[in-house]
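[1] Provided below are the primary sequence and the corresponding predicted coordinates.
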Amino acid sequence: DPRGQPWYLASGQGMGATLTLVDQKNAYTLADRATYLAQRRVLESAVLLQGDPRLLNVYHVMPVNPARFPGVHINAAGGKAFADFMVGPAAQRIIGGFGKEQYGQPLFFPDADRERSASAPSVRSSRQEAAVNTERSASGPNVRSSRQEVVVNLGQLSP
């Protein structure tokens, strides 16, 4: 657990604010592609690593089973219709094109037609690659990373 270490800083903020802090501190963090692309024109930091399967950030759509929540009004038919729409070809095309016009590349990657793992056989998803926002040069400070947390060797940033 890196908390309490002098090189570790938890931003306590959302991803947008964390990216701004990372940029100011010349630090590292894990960031989602959509937030990074939305902010990249105001950031000096660049993506260090992307596309690694360990950075996969999957979004799921799962209808709620009304039998598991007796006494709670659940629109099961509406939930199933929404889930079916999200994994259908029309929505997958929308997901695959979202952001292309504004950012030059999609913010999300459609994934509903991919094979599901044995641990989640009934889950359909859209795929979003995580981008690591990082230093401006290869000789930056000694850092580590954690989701929405900024990690930096503050001693190396002192004037």
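    Received, thanks. Bear in mind the structure is a predicted one, so any value in this text is a computation, not a measurement.

[2] pLDDT weak spots in this protein?
    Applying pLDDT under 70 to the chain flags residues 114-159.

[3] give me the beta-bridge partners of the most centrally placed residue in it?
    Taking C-alpha atoms, centre = their mean, the centroid of the chain lies closest to Asp32, which sits 3.0 Å from it. In this entry, Asp32 is beta-bridged to Ala130, by DSSP bridges.

[4] do you know how far it is from Leu107?
    Distance, Asp32 to Leu107, using C-beta to C-beta, to the nearest Å: 9 Å. All C-beta spots, glycine's among them, are computed from the backbone N, C-alpha and C.

[5] what does Ala38 give?
    Going from Ala38 to Leu107 by C-beta to C-beta gives 8 Å.

[6] the more surrounded of the two?
    More crowded of Ala38 and Leu107, by other C-beta atoms under 10 Å: Leu107, with 21 against 17.

[7] my guess is that one contacts Phe98. True?
    Yes: with contact defined as C-beta atoms under 8 Å, Leu107 reaches Phe98; the gap is 5.5 Å.

[8] what helix or strand does Asp23 sit in?
    helix 15-25 (DSSP states H and E).

[9] list the buried residues for that helix?
    Counting neighbours by 16 or more other C-beta atoms under 10 Å, one finds that the buried residues in helix 15-25 are 15, 18-23, 25.

[10] would CSV of those with distance to Gly79 be doable?
    Shown next, in CSV, are the buried residues of helix 15-25 (distance: C-beta to C-beta, whole Å):
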residue, distance to Gly79
Met15, 28
Thr18, 32
Leu19, 34
Thr20, 37
Leu21, 38
Val22, 38
Asp23, 40
Lys25, 43
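
[11] pretty sure Tyr8 is touching Asp1, no?
    No: at 9.3 Å, Tyr8 does not count as touching Asp1 under the criterion of C-beta under 8 Å.

[12] so which of these two has more stuff around it?
    Tyr8 (19 against 5).

[13] look up phi and psi at the more buried one.
    phi -110, psi 130 (degrees, to the nearest 10).

[14] the closest residue to it other than its chain neighbours: neighbour count?
    Distances taken as C-beta to C-beta, 6 or more residues apart in numbering place Pro2 nearest to Tyr8, at 4.3 Å, with adjacent residues excluded. By the criterion of other C-beta under 10 Å, Pro2 has 13 neighbours.

[15] where does Pro2 land in three-state SS?
    coil (DSSP: H, G, I helix; E, B strand; the rest coil).

[16] I'd say it and Leu9 touch.
    No: when contacts are counted by C-beta under 8 Å, Pro2 is not listed as touching Leu9 (9.8 Å).
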